[in-house]
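> need a structure here:
(chains A, B and C)
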Amino acid sequence: MPTKWINGKKLLDIRTWGKHLLLVFANGAVKIHLGLFGDVLINERKKVNRSFFLEFAKGEINGYVVRAEKLKASPDDIYDWCTDVLSEKFDSHYVKELLKEQSKKTIDDVLVDQKIFTGVGNIIRNEVLYRAGIHPQSITGKIPAAKISLLIREAVKYARLFYNQLEKGKRVPFSVYQQEYTPDGSEVTMKILPRSKRKIFFSEHKQRLYK
DNA sequence: GTGAATGTTAACAG
DNA sequence: CCTGTTAACATTCA
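Next up, the predicted model:
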């Protein structure tokens, strides 16, 4: 991505929308996505080539295996913060409305849809479904409203916990993701989803299948 | 050396 | 044109 337009500009703000990292300047914003292998380092470098970098009068931002592009408009014009599980503007009523359009899909697909649960990825999907007691292959429209509400609450709660622990340099211990047994000893089943080829982990015993 | 992993999208087939 | 599948990206760790 050309970065000439940033020359001489001050970095005004750093924001996120789900997995998008936004560097905001007066004349535009940069969107960085880390994909599966990406890293962004502040005032640090790796041996391998940077795929994106900005050098300031004092300090630098280095992206490795990232995709960076200039946003075509301001972040507030592009992004809906009401769906971002880590945003203060997250609106569970709004998300509940969006879910009504997804009634025929399985909940595991819907949970990682970035337009509905912005920021939720494979780990959070697996852990949150376990916490809510919902089988990943449940049909979204068949899940009782109270359970949907619980799922949304758990998604926000777990995302915050995950983030807070990371900030402290810790990790949340997984209950099902890449586990063989849940913390209380029930067996964990692993399935590879046919479309995405991603692995889902769940307890047949503790997660109810609504279909 | 092998395989798998916190993700997305362009290209392709039908 | 719409829908679904595959490949590509390219690093790190076990």
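> rest of the way, CA atoms for contacts and neighbours
Noted.
> write out the residues of chain A neighbouring DNA strand C.
For chain A, the residues found near DNA strand C under the criterion C-alpha under 7 Å from any atom of the strand are A:Phe37, A:Lys46, A:Val48, A:Asn49, A:Tyr64, A:Val65, A:Arg195, A:Ser196.
> near DNA strand B, which residues of chain A are found?
Counting by C-alpha under 7 Å from any atom of the strand, chain A comes close to DNA strand B at A:19, A:35-37, A:112, A:114, A:119-123, A:196, A:198-199.
> where do the helices of chain A begin and end?
Listed from the start of the chain, chain A has helices (DSSP state H) covering A:75-78, A:92-100, A:107-111, A:122-132, A:145-167.
> list of residues touching the first one?
The set of residues that contact helix A:75-78 without belonging to it, under C-alpha atoms under 8 Å, 6 or more residues apart in numbering, is A:Leu22, A:Ala29.
> quick check, distance from that helix to the centre of its chain.
Using C-alpha atoms, centre = their mean, to the nearest Å, the distance from the centre of helix A:75-78 to the centre of the chain it belongs to is 18 Å.
> repeat for the second one
Helix A:92-100 has its average C-alpha position 18 Å from the chain's average C-alpha position, going by C-alpha atoms, centre = their mean.
> excluding covalently adjacent residues, which one is nearest to the most centrally placed residue in chain A?
Averaging the C-alpha coordinates of chain A gives a centre point, and the residue nearest to it by C-alpha atoms, centre = their mean is A:Gly119 (2.2 Å). Once its chain neighbours are removed from consideration, A:Gly119 has its nearest residue in A:Gly18; the separation is 3.6 Å (C-alpha to C-alpha, 6 or more residues apart in numbering).
> pretty sure the one you found is touching A:Leu86, no?
Yes. If you go by C-alpha atoms under 8 Å, A:Gly18 and A:Leu86 touch, sitting 7.4 Å apart.
> shared neighbours, the two?
Shared contacts of A:Gly18 and A:Leu86, defined by C-alpha under 8 Å, 6+ apart, are found at A:Gly119.
> quick one: low-confidence parts of chain A?
Low-confidence segments of chain A, defined by pLDDT under 70: none present.
> 90 - rerun?
Along chain A, the model assigns pLDDT under 90 to residues A:1-3, A:47-49, A:166-171, A:194-195.
> just give the nearest non-adjacent residue to the residue in chain A that DNA strand B sits nearest to, would you?
Using C-alpha to the nearest atom of the strand, the point where chain A gets nearest to DNA strand B is A:Gly121, with a distance of 2.9 Å. By the measure of C-alpha to C-alpha, 6+ apart, the closest residue to A:Gly121 outside its immediate chain neighbours is A:Val112, 5.5 Å from it.
> just give me the neighbour total for that neighbour.
Counted by other C-alpha atoms under 10 Å, the residues lying close to A:Val112 total 18.
> residues contacting it?
Shown here is A:Val112, whose contacts under the criterion C-alpha under 8 Å, 6+ apart are A:Thr118, A:Gly119, A:Val120, A:Gly121, A:Asn122, A:Arg125.
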